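In: This is the structure alone, sequence omitted:
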C-alpha cells in the first residue's frame, strides 16, 4: 500500500497504490493525516491502482469525507476499479462520497 | 584427560615461557663460561709449563755446575787415582739426582792403559754407593755417545737417553764435561748420570686434571719422560707422530722439533685437547696436554647444578603461580557458582565480596547490575504477564457475554399442506465465528406471532472496538424492532443512535427484515450490507441486489428505503458477512461471489436439506478453500428456509 500526496495550491492530488486491508489500514490512516488538517484544501484521489479495500479502509474514506465536509471542501475519488467500486456501492458509501 | 582448569593452564603457560627464557639464558651463560674457563685454563697451562721448565732447569743447572766444577778438580788431580775415585763419589753423594758419575781418561794417560775410568754409582738394588773401574774391551767408552760427542767439540753435552748395562742398569741420560788442560788439550771426560725415573716422577706429578699428561723430550726429539706412558722413554717423537695419520700430531712434532714455544689444539684418541709446549735452556722440550672435558668438568658441574636449581625453581614457581592464580580466580569461580544459582531462578543469591579494585571487581559489579536488572525485569514481566492474563481472562468473559447475545435456539415450524401432509414451515440456522476473542459480526432473529424478524450485520473492523459497536447495534435492534416500525424506520433509528458521537468513523452494514410466515411476504431494508443470496425452489440462485442505502453510523438522519420480496415454499435465503466472500487463501485469492453462488446452486443440503446442515456445509467449503490459512475476519452465516 502506497500513498502519494502532491499539494498544489488549494488542492491535494493523491495517488493510492495497492491493497488496503487489516494489516495496513492503520498505516493508511496515518498516511492520509495531512489531508485531515483544518487548513487542507480539496482532495482528489486517483484510485486507478487501488485493487482492494476492507471495511477498515472504508472507515478511513469515511473519516476523510467527514473531515473534508467539516472544512467545507470537496473530495473526489477517480478511476476506481469496478470490483472496488462495488464495495463502495454495496455499503452505500457511493451515496456519501463522490466517485467519478 | 579432563579439561584443564584455568589456573593450571595459565601456570603451565607461564612456566613454559620462563623455561624457554631460562634455557636461552642458561645456554648463553654456559657458552660464555666455557669460553672464559678455556681462556683462563690456557693461560694457567702456560704458567704451569713455564714453572715446570724453570724447576727442571734449576735442577739440571745444579748438576751441570757440579759436574763442571768437578771437571776442574779432576784436571788438578789427573794423576791421582784415589782422588779421581773420590771426585766421582763426591758428585754422586752430594747430588741426589746424580745416580752415577765417571771420569773417563783418554788412551794411555793413566799408566799407559788404553782404558781408565773410575766410576761411582748407586746400586739400584741395595741403594748403596759402589766404585768400580768402568773401561775395558767390553765397555769401550771411546765409542759411546757421551764420550764421543764431547771429543768432537770439547763442549759439555747431554746424551740421548739409554739403558746403561755397565753401571746403574737403568734408564738414564748422561751429562758429559770435557777435562781440559791449560793448553786446551782434552785429557778425558767427567760425567754425571741422571736417572730418567726422577724426570718421570716430575712428569707424573703434573696432574692438575686426571687426564692431564706431561712429557719431556731432549733436543733430538727423544722422550726422556712422559706421564702418558713411561714406556715411551727413548722413543723418537718424530717416528711416533709419523706412524699415526693424525695431521695435528705431526704438526705438533714439527713444532717441537723446531723448539717453538706455543699452544696448539689437537684431538688425541678422540678427545679434544690442547697442548702447551716450550724449550728448556738446554734445548730440551717440555709439553703438557689438557683434555677439554677435564678442564670443563667444573663448568659442566656448575651447569648441572644450575639446571637442577633451575628445575627446582621452576617447580616452586609453578606451585606458587598455581596457588596465586587459584586465589586470584577464586572470586570468578564463586561468581560462576552464583550465576548457576541465578540460572536456577534464585535472583537473591549473594554475590561474593571482592576487595580488590580491579577487573574482577568490575565483573562482580557488572554481575550485580545484571542480577538487579534481571530481578526488576522478571518482576516487571510477572506484572505484565499478570496484566495480560487478566486482559485475556476479561476478553474470554467478554467473548462469553457476546456469544450469549447470539440466539442459539434456532426456530423452525412444522405445518401441514392442503393434503394434510406435514412440512417444514420455516427453518432458521446461523453460525458466527469471530476472528479474535470478540468480533463485530452479528445475527439475530425472533418469532413474534406469525412474523419472523431477522438481521445480519457487520461492524467495520474487528476486535474490542467492533464488539462494542456490535453490542450497541444488537441492543438497539432488539428494542426498536419491538416497537412495530417498518424496517427502513428501524434502520434510520439505529443509524441515528450509532452515528451520534461517532468520532471514530465506525460503521455497521446491516441487512434486516421480517417475514410474514403466512403470506411469505418479506419486508427488508439493506444498510450497505453484502447482497444476500436467494434460491427460489427449483430455480437458479441469484444475488438479491437490494438498494444499498448507506451503512449504519455514517450520517445521521439518512432516509432508508424498504423493499419487498415474496417467498414461496422451498425458497432459501442465505445471509453472510464479508468474512465468507473475502476469506483468503495463502496466495491471497478470495473465496468470492462466484464461488458462493456456485455453492448455492450445487450444495444438496442447501437445496433440499435443513438449514443447520447447509450452514455447516458452507462453513466447511470455506475452510476447505482457505486450506488452514488464518481467519482474518469475523465469519457469519445465516440461512432461512421457507
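Out: Looks like it arrived, so ask away. This structure is a prediction, so every number in the text was calculated from the model and none was measured.
In: Please pull out the lowest mean pLDDT helix or strand from chain B.
Out: strand B:412-416 (a mean of 79; mean pLDDT, DSSP states H and E).
In: Sort out which residues of it are buried, please.
Out: The neighbour-count check on strand B:412-416 (16 or more other CB atoms under 10 Å in any protein chain shown) flags residue B:412 as buried. For the C-beta atoms, the positions are set from N, CA and C on the backbone; glycine is no exception.
In: Give me the contacts around it.
Out: B:422, B:423, B:424, B:425, B:426, B:427, B:428, B:447, B:517, B:611 (CB atoms under 8 Å, 6 or more residues apart in numbering or on different chains).
In: The third one against residue B:642, yeah?
Out: No. The pair formed by residue B:424 and residue B:642 falls short of the contact definition of CB atoms under 8 Å, at 9.2 Å.
In: The two: who's more crowded?
Out: Between residue B:424 and residue B:642, counted using other CB atoms under 10 Å in any protein chain shown, the more crowded position is residue B:642 (21 against 15).
In: With adjacent residues omitted, what lies nearest to the one residue sitting closest to the centre of chain A?
Out: In chain A, the centroid-proximal residue (CA atoms, centre = their mean) is residue A:61; its distance is 4.6 Å. Distances taken as CB to CB, 6 or more residues apart in numbering or on different chains place residue A:97 nearest to residue A:61, at 6.1 Å, with adjacent residues excluded.
In: likewise residue B:214?
Out: That would be residue B:206: by CB to CB, 6+ apart, it lies 3.9 Å from residue B:214.
In: Contacts only, for the one you found.
Out: Residue B:206 touches B:48, B:52, B:212, B:214, B:227, B:288, counting by CB under 8 Å, 6+ apart.
In: closest to residue B:106 among those residues?
Out: Nearest to residue B:106, judged by CB to CB, of the contacts of residue B:206 is residue B:52 at 38.2 Å.
In: What's the separation between that closest one and residue B:4?
Out: Per CB to CB, to the nearest Å, residue B:52 is found 63 Å from residue B:4.
In: Next: residue B:407.
Out: 77 Å.
In: Equivalent analysis for residue B:126, please.
Out: Between residue B:126 and residue B:4 the distance is 84 Å, computed by CB to CB.
In: Can you name the residue of chain B nearest to chain A?
Out: residue B:550 (3.0 Å; CB to the nearest CB).
In: tally of neighbours for that residue?
Out: 25.
In: just residue B:4 next, same as before
Out: For residue B:4, the count of nearby residues is 11 (other CB under 10 Å).
In: and the nearest residue to residue B:262 once chain neighbours are set aside, what helix or strand is that in?
Out: Residue nearest to residue B:262 in three dimensions, not counting chain neighbours: residue B:255, with 5.9 Å by CB to CB, 6+ apart. Secondary structure from DSSP states H and E places residue B:255 in helix B:247-257.
In: What's the mean pLDDT across stretch B:354-366?
Out: Computed over stretch B:354-366, the mean pLDDT rounds to 83.
In: just stretch B:374-385 next, same as before
Out: pLDDT averaged over stretch B:374-385 gives 90.
In: next one: stretch A:43-57
Out: 89.
In: buried stuff in that stretch?
Out: Judged by neighbour count using 16+ other CB under 10 Å, the buried positions of stretch A:43-57 are A:43, A:44, A:45, A:46, A:47, A:50, A:52, A:53, A:54, A:55, A:56, A:57.
In: next one: stretch B:489-504
Out: Residues B:489, B:490, B:491, B:492, B:493, B:494, B:495, B:496, B:497, B:498, B:499, B:502 are the ones in stretch B:489-504 that count as buried (16+ other CB under 10 Å).
In: Check stretch B:558-565 too.
Out: B:558, B:560, B:562, B:563, B:565.
In: Those in strands, which ones?
Out: Among the buried residues of stretch B:558-565, the members found in strands (DSSP state E) are B:563, B:565.
In: would you turn the buried residues of stretch B:558-565 into a markdown table with distance to residue B:75 and pLDDT?
Out: Formatted as a markdown table, the buried residues of stretch B:558-565 follow (distance: CB to CB, whole Å; pLDDT from 0 to 100):
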| residue | distance to residue B:75 | pLDDT |
| --- | --- | --- |
| B:558 | 178 | 88 |
| B:560 | 181 | 93 |
| B:562 | 186 | 93 |
| B:563 | 184 | 94 |
| B:565 | 185 | 94 |
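In: and the buried residues of stretch B:558-565 as JSON lines, adding distance to residue B:391?
Out: Listed next are those as JSON lines, based on distance: CB to CB, whole Å:
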{"residue": "B:558", "distance to residue B:391": "37"}
{"residue": "B:560", "distance to residue B:391": "38"}
{"residue": "B:562", "distance to residue B:391": "43"}
{"residue": "B:563", "distance to residue B:391": "43"}
{"residue": "B:565", "distance to residue B:391": "45"}
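In: ok, of the buried residues of stretch B:558-565, which one's closest to residue B:313?
Out: residue B:558 (103.9 Å).
In: Which element is encountered next along the chain beyond the longest strand along chain B?
Out: Secondary structure of chain B per DSSP E: the longest strand is strand B:422-433. The element immediately downstream of strand B:422-433 (helix or strand, assigned by DSSP H and E) is strand B:441-448.
In: So is that following strand next to chain A?
Out: No. Strand B:441-448 lies apart from chain A when judged by CB under 8 Å from any CB of the partner chain; the minimum separation is 11.0 Å.
In: and that strand, how far from the chain's centre?
Out: The gap between where strand B:441-448 is centred and where its chain is centred comes out at 79 Å by CA atoms, centre = their mean, to the nearest Å.
In: Kindly report the same for stretch B:344-360.
Out: Centroid separation between stretch B:344-360 and its chain, computed with CA atoms, centre = their mean, is 29 Å.
In: Relative to the longest strand anywhere in chain A, what are the paired strands and their orientations?
Out: In chain A, with assignment by DSSP E, the single longest strand is strand A:42-53. Strands that pair with strand A:42-53, judged by DSSP bridges, come out as strand A:11-20 (parallel), strand A:75-78 (parallel).
In: Domain-wise, how is chain B divided?
Out: Following automatic domain parsing, one gets these domains for chain B: B:201-291, B:411-641.
In: circling back to that earlier point, report how many residues lie close to the residue nearest to residue B:262.
Out: By other CB under 10 Å, neighbour count at residue B:255 equals 17.
In: Residue A:87 against residue A:53, yeah?
Out: Yes. Here residue A:87 reaches residue A:53: they are 6.2 Å apart, a contact under CB under 8 Å.
In: Might you name the residue of chain A sitting closest to chain B?
Out: For chain A, the residue closest to chain B is residue A:92, as judged by CB to the nearest CB, at 3.0 Å.
In: what about burial for the contacts of strand B:412-416, which qualify?
Out: B:425, B:426, B:427, B:428, B:517, B:611.
In: check contacts around the fourth one.
Out: Right, residue B:428. Taking CB under 8 Å, 6+ apart, one finds B:410, B:411, B:412, B:445, B:452, B:454, B:611, B:638, B:639, B:640, B:641 in contact with residue B:428.
In: Distance check, the nearest residue to the last one once chain neighbours are set aside against residue B:610.
Out: Okay, so that is residue B:641. Residue nearest to residue B:641 in three dimensions, not counting chain neighbours: residue B:427, with 4.0 Å by CB to CB, 6+ apart. Residue B:427 sits 6 Å away from residue B:610 when distances are taken as CB to CB.
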